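1. I'll drop the sequence and a predicted model, then ask my questions.
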Amino acid sequence: MRDGTAGKWAVAALAGLMMAGAGAAAAADFDANKPAGPWMVRGRVLGVVPQESGKVHQVPGSDISIDNSIVPELDISYFFTPNVAVELILGVTPHNIKGSGTLDGVDVGKAWLLPPTLTLQYHFTDFGRFKPYVGAGINYTVFFDQKAAGGTVTKLDIENSFGAALQVGFDYMLDQNWGVNFDVKKLFLRPDVKLNGGALTGKVDIDPWLIGVGLTYRF
């Protein structure tokens, strides 16, 4: 994942799916007043952009840097009414972690994040094929496959964390079932960190943006 190869394949695969869906649906009629099914699934290419800041308590002036990631992502939505839905997103993201500030040049390690996020959404229904929505909810991020870089950092432990989530996006429906989607989420994710078995402790405000584009199917 470090060289971006998996992300490039994800982008290419989803672009192909979107083109195929658009081609299949181009000739189809669309009736904005026709009831749609309550389920919606989306496949997205997701850019994870941390807005990180942090510190190691024992090191004045220290900070933490976490790199961006591009991954495939799946979400599932259920509509209780034409306007109200819940959405669950599923995916994993890899990140490299480095020191900055007075820790500039220190390689901390790397970790994978599993950030399932559940949002309650309001969908606006008065714009024909264009279906904007807003949402808010909760995230619980699991940090796994954590690996310290060695040298200065011999053990890395980022604690799992709850956080709030905000969301805005839209679907543009190509026909009654297929559409394209653009979605932006902001997660407020601030886990505690232990280095070298707790000899050093800290906190990281990751607060990532999740920026996704993908293909929608409602049934």
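-> Cool, the structure landed.
2. show me what contacts Pro50?
-> The neighbours of Pro50, taking CB atoms under 8 Å, 6 or more residues apart in numbering as the test, are Ile66, Asp67, Asn68, His95, Ile206, Asp207, Pro208. C-beta here means a position set from N, CA and C on the backbone, and glycine is covered the same way.
3. show the buried residues in those residues.
-> By neighbour count, with 16 or more other CB atoms under 10 Å, those hold Ile66, His95, Ile206, Asp207, Pro208 as buried.
4. any stretches of this structure with poor pLDDT?
-> 1-29, 32-33, 35 (pLDDT under 70).
5. only the buried residues of the longest strand seen in the chain, if you could.
-> Scanning the chain for the strand with the most residues, using DSSP state E, yields strand 130-148. Buried residues in strand 130-148, counted by 16+ other CB under 10 Å: Lys131, Pro132, Tyr133, Gly135, Gly137, Asn139, Thr141, Phe143, Ala148.
6. count of residues packed around the residue nearest to Ser161 when sequence neighbours are not counted?
-> Take Ser161 and drop its neighbours on the chain: the residue closest to it by CB to CB, 6 or more residues apart in numbering is Pro191, 3.9 Å away. Number of residues near Pro191 (other CB atoms under 10 Å) recorded here: 20.
7. Leu174 now?
-> Residues contacting Leu174 under the criterion other CB under 10 Å number 21.
8. can you pull the buried residues of stretch 102-120?
-> Neighbour-count burial for stretch 102-120, counted by 16+ other CB under 10 Å, picks out Leu103, Val106, Asp107, Val108, Gly109, Lys110, Ala111, Trp112, Leu113, Pro115, Thr117, Thr119.
9. contact partners of stretch 137-155?
-> Contacts for stretch 137-155 (CB under 8 Å, 6+ apart): 87, 106-120, 156-165, 167, 187-189, 191, 194-197.
10. ok so, going back, what's the following helix or strand after the longest strand of the chain?
-> strand 156-158 (DSSP states H and E).
11. packing partners of the helix or strand just after that next one?
-> Using DSSP H and E, the helix or strand that directly follows strand 156-158 along the chain is strand 161-173. If you count contacts as 3 or more CB pairs under 8 Å, 6 or more residues apart in numbering; DSSP states H and E, strand 161-173 packs onto strand 117-123, strand 130-148, strand 178-187, strand 209-218.
12. which other helices and strands does the third one contact?
-> Contact here means 3+ CB pairs under 8 Å, 6+ apart; on that basis strand 178-187 packs against helix 5-25, strand 39-49, strand 117-123, strand 130-148, strand 161-173, strand 209-218.
13. how about JSON lines for the ones you listed, with distance to Asp31 added?
-> What follows is these, written out as JSON lines (distance: least, CB to CB, whole Å):
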{"stretch": "helix 5-25", "distance to Asp31": "14"}
{"stretch": "strand 39-49", "distance to Asp31": "17"}
{"stretch": "strand 117-123", "distance to Asp31": "17"}
{"stretch": "strand 130-148", "distance to Asp31": "14"}
{"stretch": "strand 161-173", "distance to Asp31": "10"}
{"stretch": "strand 209-218", "distance to Asp31": "13"}
